[in-house]
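Participant: give the three-dimensional model of this entry:
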Amino acid sequence: MAGLLAAASGLRSAPGLSQLILSGIYETRPAEGVGGGPFLNAAVSGVFEGGGRGLRDLCRALESRAGSPVEKQGRERTLDIDVLFLEPPEAVEGLVLPHPRMARRRFVLVPLSEVWPRPVPGLGRTPHELLAACEDAGHITAICTAPAAGGLWNPCPNSDS
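Facilitator: Predicted coordinates for the structure are as follows:
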C-alpha cells in the first residue's frame, strides 16, 4: 500500500500534471504468470503537459524509486505503472497504446471505469462497455474507495499497511 500511495503522491506533485483523479484500490491475485503475492490495482487519470514520452519517463522514475525493475518480464515487482492510453493518441517509443491487454483485464477495467467515463482512445468504447464484454472472471476485492478529486487515499481499513 505504501508504494501505491508514494506513486500517487509523486504523480500529484509532478510538474505539469493536473486534474488528478484516483480510483478506488482493488486487490487481485497476480495474473498471466507474474510472480508475487496479491496485487493492489488502481487507475489514475489526469492532464499532463509533458507529452507521452515525459509521462512514460515519470512513471518509470516512480517505479524505480519504489524498487521495481523497468523491464518486468513476469518478475515480482513492488510497483508497476502502465500507461493505458493517451488523449489525444500519441506514439511513444517503448509503449504500445492503447495498452494491448487492457480490454481483457477486469482488474484494469474496474478501476478505470471510476476515472474515465468516455470512450478509450483507440478502442472506441467506454471502460464500462469494455467491462461488460470482458471475459476475465478474476476476483477483485475493494480495499479503498476513491478519494475526492485531487485527493489521496485515506488509510484503508482492509489493507495490511
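
Participant: what stretches of this protein score poorly on pLDDT?
Facilitator: For the chain, the stretches flagged by pLDDT under 70 are 31-35, 69-77, 155-161.

Participant: torsion angles phi and psi at the residue minimising distance to the centre of it?
Facilitator: The C-alpha lying nearest the average C-alpha coordinate of the chain belongs to Ala43 (C-alpha atoms, centre = their mean; 3.8 Å). Backbone torsions for Ala43, taken as degrees, to the nearest 10, come to phi -130, psi 150.

Participant: need the contact list for it.
Facilitator: Ala43 makes contacts with Leu22, Ser23, Leu84, Val108, Pro111, Leu112, Glu114, Val115, Trp116, as judged by C-beta atoms under 8 Å, 6 or more residues apart in numbering. Backbone N, C-alpha and C define where each C-beta goes, glycine included.

Participant: contacts for the strand or helix carrying the fifth one next, please.
Facilitator: Here Pro111, judged by DSSP states H and E, is contained in helix 106-115. For helix 106-115, the external contacting residues (C-beta under 8 Å, 6+ apart) are 21-26, 28, 31, 39, 41-45, 82, 84, 99, 101-103, 126-128, 130-131, 134, 136-138, 140, 146.
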